[in-house]
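Participant: sequence and computational prediction follow.
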Amino acid sequence: MARAFFTSWLIALFAAAHLAAQTPTRPPIPGVAHIGLRTDDLAAARNFYGHDLGFEEPFTLDKPSGGLLLTYFKVNDHQYIEVFPELKAAGQDRLSHIAFETTNAQQLRDYLASRGVKVPDTLRTGRDGNVSFMIQDPDGHNVEFVQYMPGSLHTNNFGKFLGSGRVSDHIIHVGVTVQDRAAADHLYRDILGFHETWHGGMKESRTDWVDMRVPDGTDWLEYMLNVHNPSPRTLGVMHHLALGVPSVAEGYKTVLERGIKPEKPEIGRDGKWQLNLYDPNFTRAELMEPKPVRTPCCSPIVE
């Protein structure tokens, strides 16, 4: 009897170990890869991201049927601002998608599928030479995961197009509206491994923003809560990117010299200096210092 019990226990143990070995695990997600934005005035967008913010435009992609699909503005070797000339209506969302880098797109796809997330059946190499795939988060935002591959447009240009005129060399976060925090947390925190580093609001008793850091880096996704029926301009404020700078004062001086006349810098509720800039289609590109200069409201920042 004891021997039979031990044998059954051993078989169950080996079966559990085999199942665990077969269950996909999440590969690293080290940071923000890009933000994709729509415009109806490509020349104006090029002036803002290229001249005003100083990012070089290393390459473009055309549609298979002809005509420009998108152009890229390079922030650093692993981060870009992608601009699509596809804004067709005044009320259309300017945000196309957000993207995070992964070290293994196929493994991440398999992991997400094992957790019940709807993913593509198969992956293929994109026209830029990288492997990527898109999912939708609970709020309907397109979220891409990209693995930079040898020989791609991006890796072939590592170390290039990094001009000294850039106002920043790092996208430190991207922000999207969130209607149901619990649903967003289930995807980003429970499944993808993001974790909260700060939350705050316009009032101490209310949470309007939640910073969710990627699991394997320092960049974060900012939940923009309590946003209902926003105008295109308000949505541009919410769907935004933040560019890290060592000094907002110096960044302010630079953009003034380049012809932008923004509102003056201010200290945000998170205690950090920031400067809000807006592209021609209302999307906010904020310059932000990495460290608070006064105590943040509402909760401490977790480093």
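Facilitator: Looks like it arrived, so ask away.
Participant: Gln179 reaches Asp139, doesn't it?
Facilitator: Yes. With contact defined as CB atoms under 8 Å, Gln179 and Asp139 form a contacting pair (5.7 Å). For the C-beta atoms, the positions are set from N, CA and C on the backbone; glycine is no exception.
Participant: helices along the chain, start to end?
Facilitator: 2-22, 42-46, 105-114, 181-185, 232-238, 248-257 (DSSP state H).
Participant: helices or strands next to the third one in the packing?
Facilitator: Going back to what we said before, that points to helix 105-114. Packing partners of helix 105-114 (3 or more CB pairs under 8 Å, 6 or more residues apart in numbering; DSSP states H and E): strand 131-136, strand 142-147.
Participant: where's it relative to the chain centroid, distance-wise?
Facilitator: A distance of 19 Å separates the centroid of the chain from that of helix 105-114, by CA atoms, centre = their mean, to the nearest Å.
Participant: the last one now?
Facilitator: Taking CA atoms, centre = their mean, the mean C-alpha location of helix 248-257 is offset from the chain mean by 24 Å.
Participant: dump that helix to PDB, restricted to CA.
Facilitator: The C-alpha trace of helix 248-257 is given here as PDB (Å, rounded to 0.1, in the frame of the first residue of the first chain):
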ATOM      1  CA  VAL A 248      13.700  71.000 -17.900                       C
ATOM      2  CA  ALA A 249      15.000  74.600 -17.700                       C
ATOM      3  CA  GLU A 250      17.600  73.800 -20.400                       C
ATOM      4  CA  GLY A 251      15.000  72.100 -22.500                       C
ATOM      5  CA  TYR A 252      12.700  75.100 -22.200                       C
ATOM      6  CA  LYS A 253      15.500  77.300 -23.300                       C
ATOM      7  CA  THR A 254      16.200  75.100 -26.300                       C
ATOM      8  CA  VAL A 255      12.600  74.900 -27.600                       C
ATOM      9  CA  LEU A 256      12.200  78.700 -27.200                       C
ATOM     10  CA  GLU A 257      15.300  79.200 -29.400                       C
END
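Participant: which residues touch it?
Facilitator: 52-54, 167-168, 245, 262, 264-265, 273-275, 277, 287-289 (CB atoms under 8 Å, 6 or more residues apart in numbering).
Participant: buried only: go through those residues for me.
Facilitator: 52-54, 167-168, 245, 265, 273-275, 277, 287-289 (16 or more other CB atoms under 10 Å).
Participant: quick one: which of these is nearest Thr103?
Facilitator: Ser168 (24.3 Å; CB to CB).
Participant: find the nearest non-adjacent residue to that closest one, please.
Facilitator: Leu243 (3.5 Å; CB to CB, 6 or more residues apart in numbering).
Participant: count of neighbours near the one you found?
Facilitator: Neighbour count for Leu243, taken as other CB atoms under 10 Å: 24.
Participant: same check, this time on Ile260
Facilitator: Residues near Ile260, counting by other CB under 10 Å: 16.
Participant: swap in Glu250?
Facilitator: With other CB under 10 Å as criterion, Glu250 counts 11.
Participant: correct me if wrong: Arg213 contacts Phe194.
Facilitator: Yes. Taking contacts as CB under 8 Å, Arg213 lies within contact range of Phe194: 6.3 Å.
Participant: which neighbours do those two share?
Facilitator: Common neighbours of Arg213 and Phe194 (CB under 8 Å, 6+ apart) are Trp220.
Participant: bridged to Ile61, which residues?
Facilitator: Residue 61: Leu, not Ile. With DSSP bridges as the criterion, Leu61 is bridged to Leu70.
Participant: who touches it in this structure?
Facilitator: With CB under 8 Å, 6+ apart, Leu61 has these contacts: Leu68, Leu69, Leu70, Thr71, Arg127, Asp128.
Participant: filter those residues down to the buried ones.
Facilitator: Buried, going by 16+ other CB under 10 Å: Leu69, Leu70, Thr71, Asp128, out of the contacts of Leu61.
Participant: any weak-confidence spans in this protein?
Facilitator: 1-22 (pLDDT under 70).
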